[in-house]
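**Q** just a sequence and a predicted model for now, questions to come.
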Amino acid sequence: MRLSRCCTHHPGIVGSTERHHFYSDHKNSAETCKLIDQLRRQYKGYRRIYLSWDAAPWHSSEQVLSRVEFFNDWAEHDEVPRIGDIALPAQAQFLNVIESVFSGMARAIIHNSDYATVVEAQTAITRYLEDRNRSFAIAPRRAGRSIWGRERVPATFTVTNNCKDVRYR
């Protein structure tokens, strides 16, 4: 089981910190396309969403780029947002702000845990992310002031901010 993750920026909400995820047995272009389609349907009525991701090959594959182009060509007709992406440089995973959130989640609910089933682990992950999103929806603020405060570093972009926990590479 892999957790696919995506950070979206909501038009009109500068610096939105909402995180979206789904569970997948594979990390590949087809799964990335599924996530993108899920997001465009979820934000029907918005003009644009931005996807932020690292340099994993499936994020910039021909299949994904073609699908995004197809989606964008139909965006106005389908009344769904156009999709933009904010790709991080290759070999710079430590700049990925979402790594700070996921490092905090890993320490809070995964490390030293003893879930009896994959479903129990997925339930805990989902609850963590839903609680985090709900907290930011109720009291919007800049990323980094997590509801638990367990992120390795503040989840904000700076050149010197190493968001990836070096102990869990």
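**A** Structure received.

**Q** Asn28 and Gln38, how far apart?
**A** Distance of Asn28 to Gln38, computed by C-beta to C-beta, to the nearest Å: 16 Å. Every C-beta, even on glycine, is put in place using the N, C-alpha and C of the backbone.

**Q** which helix runs longest in the protein?
**A** Assignment by DSSP state H gives helix 118-138 as the longest helix of the chain.

**Q** and that one, what does it pack onto?
**A** strand 19-24, helix 97-105 (3 or more C-beta pairs under 8 Å, 6 or more residues apart in numbering; DSSP states H and E).

**Q** show me what the last one is packed against.
**A** The one in question is helix 97-105. By 3+ C-beta pairs under 8 Å, 6+ apart, helix 97-105 packs against strand 2-9, helix 118-138.

**Q** got the domain ranges for this structure?
**A** Domain ranges of the chain: 1-91, 93-169, per automatic domain parsing.

**Q** worst mean pLDDT among these?
**A** Lowest mean pLDDT within these: domain 93-169, at a mean of 73.

**Q** before we move on, back to that, just the angle between the longest helix of the chain and helix 97-105, please?
**A** 120 degrees (axes from the mean of the first three to the mean of the last three C-alpha atoms, to 10 degrees).

**Q** out of the helices and strands packed on helix 118-138, which one sits most buried?
**A** Stretch with highest mean neighbour count among the helices and strands packed on helix 118-138: helix 97-105 (a mean of 23; mean count of other C-beta atoms under 10 Å).

**Q** where does Ile86 fall, secondary structure wise?
**A** Assigned by DSSP states H and E, Ile86 belongs to strand 82-87.

**Q** what residues does that strand touch?
**A** 9, 36, 39-40, 47-55, 59-60, 68, 71-72, 75 (C-beta atoms under 8 Å, 6 or more residues apart in numbering).

**Q** what strands line up against it, and which way round?
**A** Sheet pairing of strand 82-87 (DSSP bridges) gives strand 48-53 (parallel).

**Q** give me the angle between the strand it pairs with and strand 19-24.
**A** 60 degrees.

**Q** following strand 48-53, which helix or strand shows up next?
**A** Counting by DSSP H and E, what follows strand 48-53 is helix 62-78.

**Q** go through the helices and strands packed on helix 118-138 and name the closest to Val119.
**A** Nearest to Val119, of all the helices and strands packed on helix 118-138, is strand 19-24, at 9.7 Å by C-beta to C-beta.

**Q** buried stuff in the next helix or strand after that closest one?
**A** For strand 19-24, the succeeding helix or strand toward the C-terminus, using DSSP H and E, is helix 29-42. Judged by neighbour count (16 or more other C-beta atoms under 10 Å), helix 29-42 contains these buried residues: Ser29, Glu31, Thr32, Cys33, Leu35, Ile36, Leu39, Arg40.
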